[in-house]
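I would like to see how this sequence folds:
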Amino acid sequence: MGVVIKESIISSFYSYIGIGIGTVNALFLYTHFLSPEDLGLVRIIPEIALIYSTFAQLGAPYIASRFFPSFRGNEQTQPYFVIYTLLVASGGFLVFALFYLFFHDWLLSFYLERAGAIVDYHWILMPFTLVYILINMVETYVRNNLNITLSNFLREVFLKLGATLLILLYGYQWISLTAFLWYFLSLHLVVFYVLYRRLKKTNFFKFSLRSKWWTISQKREMFQYGVLIIIGSFGLLIITKIDMLMLPALAGLSATGIYSTAIFFATVIEVPKRSINQIVLPILINAESQGDRQKIHELYQKSAMNGLIAGMILFCLIAFNLDSLFEFIPKKEIYSTGKWVIILLGLSKLMDMATGISYEIMAYSKYYKMMFVMLLFIGIFSFAGNYWLIPPYGINGAAAATLMATMVFCLIRIIMVKRLFQVTPFSKQMGKLTLLFVILCLIYTLTQGYLKGLHPLLSMAIWGSYTLVFLVGGIYWLKVSVEANAVIDRSIVEALKLLHLSK
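Down below sits the predicted model:
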């Protein structure tokens, strides 16, 4: 467990470095050097390929993640299992590629009217799809060998630094937009190669043909799990990606570019949840295997409370300073139209964080089939919401649809976990925290007009201090979280040490 926690801490460090690089890319470089239409294009091409890869890989990475521990370390069984998952992914891609070859006109016809550039660049979708599948497969096995830092470094630091270089090359007209996409694809190939080499050094691909590992029951279980994964992944991707996929068709690439910039802020808000989950997940899996309901309840409440605390702090720092932040973003008159998108998506992230590890509790339990089927229905709900709201309300309609789908998804998860495990993420302390958050937001809404006209940096300093003093101070005074108070205590001690040393 110590190895897992150490890896998670280092991985989180890389995630925050990635946030810094991503901030520069998303808010300053992309917006300065790319038109909203071109930004929408370079964002949507990888998103479409990601959707394609989810279907084409036939659930192979998820099968590997769930069943590999049963074969790990056995020289006779492990090679066959690896061969099986690689064959499933390869076969799935070949079938999908043939389907795409004959039906790509139909698949992309949705974008012809308002986003024809996507059709012009359709030839790069299959290479991106293949690379995503390759990365997913090797990354799954790297993570199964308890090495999450390498893949996180490559995703959060290497790819984003590479994107920085490519944006600059394009911005100074040293490469074309087509070259930008090909070089971006090449960066992903480097990620695959590095992960593959890491596995090869551990003799992971040392195959033996001495005996067969599979039984009829194992094959049946894996097939059933793969089918459910495809269904569940389809629903989950619709919930999380359908807004970006439908915007080009219903509102155009320019709206997609603006929306993708707004999404960045919401992604920052949920970073603490991802970091917490990386640490908690191995403990949760162990607790579920032992049937330890008390431990599950403890993890459930602590992940919800601490994730929500971090999310609320980040939400307030972003939402209270949006007008000032837009003053520093190139083409602010264009991208400032995404203000309400940021707020709505930010609220959806807070709702998700308030439910803690409810999804993981279901997904890694014997009730996982119910969760995957439910994802499909929530996905359909999300699709309908976007189809209904985007035409009249544009990017705000997409954000509102995502918020509504998240609300329904969170509510169902809470009810299911409560009924099946008799545990809940809520507590009196969370009620106090929510009330404090609402009060601070109301005060901001009523008073922010008085500070208009101030220099953006001064305004940010005032609202940043307001958040830290009243929200962080309120959290400490109300003692809503033992862990949060311990972090604040350590921060105060370190700050006093620095002040003492500076004298």
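
buried set for the helix or strand encompassing residue 276?
Residue 276 is part of helix 271-290, with elements assigned from DSSP states H and E. Neighbour-count burial for helix 271-290 flags 271-273, 275-284, 287-288 (criterion: 16 or more other Cβ atoms under 10 Å). All C-beta atoms are positioned from the backbone trio N, CA, C, and that covers glycine.

ok, and the closest non-adjacent residue to residue 169?
With Cβ to Cβ, 6 or more residues apart in numbering as the criterion, residue 169 has its nearest non-adjacent residue at 4.7 Å, and that residue is residue 175.

sec struct for that neighbour, please.
For residue 175, the assignment made with DSSP: H, G, I helix; E, B strand; the rest coil gives coil.

so what's it up against?
Residue 175 makes contacts with 166, 169, 183, as judged by Cβ atoms under 8 Å, 6 or more residues apart in numbering.

so the last one touches residue 168, yeah?
No. In terms of Cβ atoms under 8 Å, residue 183 does not count as a neighbour of residue 168; the distance is 11.9 Å.

show me what counts as buried in the host helix or strand of residue 491.
Taking DSSP H and E as the criterion, the element that holds residue 491 is helix 482-502. In terms of neighbour count (16+ other Cβ under 10 Å), helix 482-502 has its buried residues at 484, 487.

packing partners of the helix or strand just after the helix holding residue 276?
Next along the chain after helix 271-290, taking DSSP H and E as the criterion, comes helix 293-319. When contacts are defined as 3 or more Cβ pairs under 8 Å, 6 or more residues apart in numbering; DSSP states H and E, helix 293-319 sits against helix 253-269, helix 271-290, helix 339-354, helix 358-363, helix 368-421, helix 428-447, helix 482-502.

output stretch 173-193 as PDB, nothing but the C-alphas.
This file holds the C-alpha atoms of stretch 173-193, laid out as PDB (Å, rounded to 0.1, in the frame of the first residue of the first chain):
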ATOM      1  CA  GLN A 173       3.900  29.900 -39.400                       C
ATOM      2  CA  TRP A 174       6.700  27.300 -39.300                       C
ATOM      3  CA  ILE A 175       4.100  24.500 -39.700                       C
ATOM      4  CA  SER A 176       0.600  24.200 -41.100                       C
ATOM      5  CA  LEU A 177      -2.500  23.100 -39.200                       C
ATOM      6  CA  THR A 178      -2.300  19.800 -41.000                       C
ATOM      7  CA  ALA A 179       1.300  19.400 -39.800                       C
ATOM      8  CA  PHE A 180       0.200  20.400 -36.300                       C
ATOM      9  CA  LEU A 181      -2.200  17.500 -36.200                       C
ATOM     10  CA  TRP A 182       0.300  15.000 -37.500                       C
ATOM     11  CA  TYR A 183       3.000  16.100 -35.100                       C
ATOM     12  CA  PHE A 184       0.500  15.900 -32.200                       C
ATOM     13  CA  LEU A 185      -0.300  12.400 -33.300                       C
ATOM     14  CA  SER A 186       3.500  11.700 -33.300                       C
ATOM     15  CA  LEU A 187       3.700  12.800 -29.700                       C
ATOM     16  CA  HIS A 188       1.200  10.100 -28.800                       C
ATOM     17  CA  LEU A 189       3.300   7.500 -30.600                       C
ATOM     18  CA  VAL A 190       6.200   8.500 -28.500                       C
ATOM     19  CA  VAL A 191       4.100   8.000 -25.400                       C
ATOM     20  CA  PHE A 192       3.200   4.500 -26.600                       C
ATOM     21  CA  TYR A 193       6.800   3.600 -27.400                       C
END
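
how much space between the residue lying closest to residue 238 once chain neighbours are set aside and residue 59?
Nearest in space to residue 238, with sequence neighbours left out and distances taken as Cβ to Cβ, 6+ apart, is residue 379 at 3.2 Å. Separation of residue 379 from residue 59 (Cβ to Cβ, to the nearest Å): 16 Å.

now do residue 143
Taking Cβ to Cβ, one finds residue 143 at 16 Å from residue 59.

pull out the buried positions in stretch 223-232.
225, 226, 228, 229, 230, 231, 232.

re the thing from before, neighbour count winner among residue 143 and residue 59?
Neighbour totals were compared for residue 143 and residue 59, and residue 59 leads with 25 against 20 (other Cβ atoms under 10 Å).

quick check: that one touching residue 223?
No. Counting by Cβ under 8 Å, residue 59 does not reach residue 223; the two are 9.5 Å apart.

C-alpha coordinates for the helix holding residue 491, PDB please?
Only the C-alpha atoms of helix 482-502 are listed here, as PDB (Å, rounded to 0.1, in the frame of the first residue of the first chain):
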ATOM      1  CA  VAL A 482      -9.900  16.500  10.300                       C
ATOM      2  CA  GLU A 483      -7.700  16.100   7.300                       C
ATOM      3  CA  ALA A 484      -8.400  19.700   6.100                       C
ATOM      4  CA  ASN A 485      -7.600  21.100   9.500                       C
ATOM      5  CA  ALA A 486      -4.300  19.100   9.600                       C
ATOM      6  CA  VAL A 487      -3.300  20.500   6.200                       C
ATOM      7  CA  ILE A 488      -4.100  24.100   7.300                       C
ATOM      8  CA  ASP A 489      -2.200  23.600  10.500                       C
ATOM      9  CA  ARG A 490       0.900  22.300   8.600                       C
ATOM     10  CA  SER A 491       0.600  25.200   6.200                       C
ATOM     11  CA  ILE A 492       0.500  27.700   9.000                       C
ATOM     12  CA  VAL A 493       3.600  26.100  10.700                       C
ATOM     13  CA  GLU A 494       5.500  26.100   7.400                       C
ATOM     14  CA  ALA A 495       4.600  29.800   6.700                       C
ATOM     15  CA  LEU A 496       5.700  30.800  10.200                       C
ATOM     16  CA  LYS A 497       9.000  29.000   9.700                       C
ATOM     17  CA  LEU A 498       9.600  30.800   6.400                       C
ATOM     18  CA  LEU A 499       8.800  34.200   8.100                       C
ATOM     19  CA  HIS A 500      11.200  33.300  10.900                       C
ATOM     20  CA  LEU A 501      14.000  32.400   8.400                       C
ATOM     21  CA  SER A 502      13.400  35.600   6.400                       C
END
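
good, wrapping up.
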